[in-house]
Structures are given as structure tokens and as C-alpha cells.
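Asks: Build the 3D model from these lines:
(one chain, ligands or ions: 1)
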Amino acid sequence: MAQAAEKAYYRFLVLFFNCLLTFGSYFCFDIPSVLQNQFQGNLTCPNATVINGTVDCVEGLGMSPQQYNLLYAIYAWTNAVVVIMAGFLIDKLGNRFGVFLFSFLCVLGSSLFALGSHFRGTPYLLPLMLTGRLLFGSGNGSLTIVQNRITAFWFKGKELAQAFGVTLAFSRLGSVLNFFFTQTFEDKYGMQWTLWGGALLCVLGFVSAVVVSALDKIGMRQLGLDGAIAEESRKVRVQDVKLLSLRYWLLVLTIMFFYNGIFPFIADASKFIQDKYSDYSQKEAAYVAGAVYDSSLVLSASVGILIDYVGLRGVFAVACAVFTLPVFGLLAFTFVPPLVSTIWLGVTYSFAAVSFRRFKSAVNHLTHIVLDCYIFYFISGDGFKSSLLTCVNLSASIQRLAKVSKFFHIQPKIFDFM
Ligand SMILES: N[C@@H](Cc1c[nH]cn1)C(=O)NCC(=O)O
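Replies: Down below sits the predicted model:
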């Protein structure tokens, strides 16, 4: 008689909880962007006046723009560094250990971040919130790697492309809902409850980690694969990195510079829109900024099918980098409604993300490293130092790339492209 783990419902159950792993952390990642006004708002508003129904002083945490951007930079740096070690750790200790550890780090990080907001006006606020983002950054990127490994294992040779599409869509849904609801929630319940709400969504991720681990363990045992996977993982050699071609590296660089423009922009987009285009409320500005993720959510699946059909991933990646350039021109030098720019950015982002993700979990690992480094590059303006670090990260992470690709037997696909 066929075991439960061999049936379709079992792997779709795994997929459902696997998707929930990152839903909350993606939601949390951009909470600061929606609430940038409050993060940078005044500690008190003693002489506030109301003009046309809006108060001219926003009460908030009193951060400077630099301190606000540091929240994203510290996430990016720890994410980038930890993801390198995470790869090796997961290889040695397994997916189950990975989901527990990294989803726990997300919970811890987002909780510390929320706790920090209670220390408004004290010297503890920034260290607590930065430590929160640091721990959150240590968990989130690495969690996506384990998530993709689990999807790849359960859907290898079956509905793999669709499963990756659904996983990505679920994460995007987290981002989209953040830009739709966080401001309304903050209006009603205040900043502290909003941040605790984000932490609660990360707890949902942790609960899903428990369920996914259990399903994975039971299923692997039924399939008699537990030992085989560990053995395969140990056989992978670091020298395999030499097999990656110049064409592959060029694609990596393209995506790296591409992401450099996307996430730093989203981090500051809501406030930028309010500052530059005077007739946008905070809520409207968040909707417009979130349109990058909205279009990505809507398009990812169809773009995936298109790229699977026509191939040319490298061409798509380069083309969307080129077509993104005018967006920043529009935003900087014209008054064309910003929704045009954010939807446009969402379209090119979808093509870039999908064409890159077609290299499966191994490359996803690399994506996180490169894009996160470049968030710092953008924010700090310290190009040389961060470029150096990125190179170090790249070479270290490519070792992991070779490992993971072998592990999932996806090398033939990668080398097809090259
Ligand atoms: N580490 C995440 C950061 C992120 C960005 N938006 C939501 N979370 C990441 O690198 N994601 C890659 C992606 O394409 O979403």
C-alpha cells in the first residue's frame, strides 16, 4: 500500500505550511517603510495644529533619517553574512534544524524590535531596535533558503515550478498586505501594537516551522530517505564552484545591481512620495509604494510561465535592468504620478526575480547575499567598502551554490543555461 507521503495531498500540505514560514517575516520586513513618518516623527507635539483635517506634527520615535535607514542596513548586512554560514549549517544539521533556528530568530528579532518601541525618548530605543533588526535579518534570508530546499525536495520531478511560484506568491502576499493594512492598524492601535502584531505574524511562521518539520520528518521516514539525504550532502565539494561559467557570473552581477535599486527605494518610498507629491496622505503613499509588490504578486506566476516557455533568462534579466533606469528618472525629475513608476518597477522586478529564481534554491541563497549587501551600499554611500564585502560574500556563497545545486540534482538545469 502507498504511504501517505507518496500521495499528492501530503506534499501540498507540506507546501501550505512551508509557504506560511515566510509570510509573516515578509510582512514585517517593510513595516518601517509604511511607518517611516512615525519612526522619524517627533517625540512630542505640544503645539500641533490641524490643517484640512491633518495634524502638522507627527508623534513618533524621534529617529533621524540616518537612524531609520540603519534599520534596513543592519538587516541587510546580517542577512548577507549569516546566510553564508547558514548554508553550511543547514547542510550539516539539516532542514528541520534550519527552519526552527531561523524562524525562531525572526520571532526573537521582531519581538525585540517591538519591545524597543516602548523605550521612546530613551537611549535604549535605537540599540534595542537595531538588535531586533539584526536578529531578524539573521533569520529571514536563511529561512527562505530552507524553505526553498523543502519545496525542492517535496516537488522534485513533480509540480516544482508551480510550487516555487506559490511559495514566492505567499511571501509577496505578506509584503502586499503590509502596505495595505499597517497604516490603518497603526492609526487605530498605535505604533507599539502594530509592531507586536508583526511579531505575532512571525510566531505564526514559527508554528508553521514546527508543523513543516513534523511533516518532513514523518514523510522522509516513510520514503526511507532520511539517511540518503545526509549522505548526499556530505559528498558535495567546494571545488565545484569552478564549474560556474562567466556567463553565470555576469547574470549574478546584473541581478545584484538590479536589486540594489529596488529594496532601498521601497524602504524610503512612502515618505519620498509624501514629500515630493504633496497631495498624498500617508495611507495613499503606502498603497502607491506597495504597488511594486502588488504587480509582482500578480505577475510572478504568468512571468514564470512565460520564461519557462521562451527561456532567455539572461536576456530578460539584462532587459529589465535597462528598462528600470527610466523609472528613477521619472521619480527624480518629473511629476508623473508615482503609481506609474512603482507599477513599472514592479513589472521589471517580477521579470528579474523570476528569471533569477528559475535557478532554484541554490541561486536564491546567492540573491539574498548580493541584494542585501547592496542595500547597504545604497544607504551608506560607502561604495568601495561594501563592494569589497560583496565580493567576499559572493565568492563564499558560490561555494554554497555548488553544494545546494548538487544536493537537489539541479546542476544540469543550471549548466543548461550556461
Ligand atoms: N531578505 C528578503 C528581504 C525582503 C524584501 N522584501 C521582503 N523581504 C529578500 O531578499 N527577498 C528577496 C525577494 O525577491 O523578495
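Asks: Closest residue of this protein to the ligand?
Replies: The ligand sits closest to Phe29 of the chain, with a gap of 3.9 Å, by Cβ to the nearest ligand atom. For the C-beta atoms, the positions are set from N, CA and C on the backbone; glycine is no exception.
Asks: thought that residue was touching Asn140?
Replies: Yes - between Phe29 and Asn140 there is a contact under Cβ atoms under 8 Å: 6.7 Å.
Asks: Now list whatever residues contact both of these two.
Replies: Residues touching both Phe29 and Asn140 (Cβ atoms under 8 Å, 6 or more residues apart in numbering): Tyr75.
Asks: check which helix or strand covers the closest residue to Leu177 other than its chain neighbours.
Replies: Nearest non-adjacent residue to Leu177, counting by Cβ to Cβ, 6 or more residues apart in numbering: Phe27, 6.1 Å away. In this assignment (DSSP states H and E), Phe27 forms part of helix 8-29.
Asks: That helix packs against which elements?
Replies: With contacts taken as 3 or more Cβ pairs under 8 Å, 6 or more residues apart in numbering; DSSP states H and E, helix 8-29 sits against helix 95-116, helix 125-155, helix 160-223.
Asks: Just send the ones you listed back as JSON lines, with mean pLDDT and mean neighbour count too.
Replies: Output for the helices and strands packed on helix 8-29, formatted as JSON lines (pLDDT from 0 to 100; neighbours: other Cβ atoms under 10 Å):
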{"stretch": "helix 95-116", "mean pLDDT": "96", "mean neighbour count": "23"}
{"stretch": "helix 125-155", "mean pLDDT": "93", "mean neighbour count": "24"}
{"stretch": "helix 160-223", "mean pLDDT": "93", "mean neighbour count": "19"}
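Asks: Reformat these as CSV; add distance to Val83.
Replies: CSV is the format used below for these (distance: least, Cβ to Cβ, whole Å):
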stretch, distance to Val83
helix 95-116, 10
helix 125-155, 5
helix 160-223, 16
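Asks: closest one to Ser270 among those helices?
Replies: Ser270 lies closest to helix 160-223 among those, at 8.2 Å (Cβ to Cβ).
Asks: if you look at the closest one, does any of it touch the ligand?
Replies: Yes - Helix 160-223 lies within reach of the ligand by Cβ under 6 Å from any ligand atom, at Ser175.
Asks: Up against the ligand, what does this structure have?
Replies: Checking the chain against the ligand by Cβ under 6 Å from any ligand atom, the hits are Tyr26, Phe29, Asn79, Asn140, Gly141, Ser175, Phe263, Ala353, His368, Leu371.
Asks: quick one: which of these has the most company?
Replies: Neighbour tally across the residues of the chain next to the ligand (other Cβ atoms under 10 Å): the maximum, 31 neighbours, falls on Asn140.
Asks: close enough to count as contact, it and Phe23?
Replies: No - Asn140 is beyond contact range of Phe23, at 11.7 Å (criterion: Cβ under 8 Å).
Asks: need the contact list for the closest residue to Ile31 other than its chain neighbours.
Replies: Spatial nearest neighbour of Ile31, chain neighbours left out: Gly198 (5.2 Å); criterion: Cβ to Cβ, 6+ apart. The contact partners of Gly198, taken as Cβ under 8 Å, 6+ apart, are Gly24, Phe27, Cys28, Ile31, Ser110, Phe113, Ala114.
Asks: separation between the nearest residue to the last one once chain neighbours are set aside and Phe333?
Replies: What sits nearest to Ala114 in space, not counting adjacent residues and going by Cβ to Cβ, 6+ apart, is Leu195, at 3.6 Å. The spacing between Leu195 and Phe333, counted by Cβ to Cβ, to the nearest Å, is 36 Å.
Asks: One more: Tyr248?
Replies: 36 Å.
Asks: which one of those two has more residues nearby?
Replies: Higher neighbour count among Tyr248 and Phe333: Tyr248, with 19 against 8, using other Cβ under 10 Å.
Asks: Mind giving me the packing neighbours of the helix or strand where the more buried one lies?
Replies: Here Tyr248, judged by DSSP H and E, is contained in helix 246-276. For helix 246-276, the elements it packs on are helix 31-34, helix 36-39, helix 65-93, helix 282-310, helix 313-333, helix 338-357, helix 360-380, helix 411-417, judged by 3+ Cβ pairs under 8 Å, 6+ apart.
Asks: Check the burial of Lys283 by counting its neighbours.
Replies: If we define neighbours as other Cβ under 10 Å, then Lys283 has 18 of them.
Asks: No further queries at this time; thank you.
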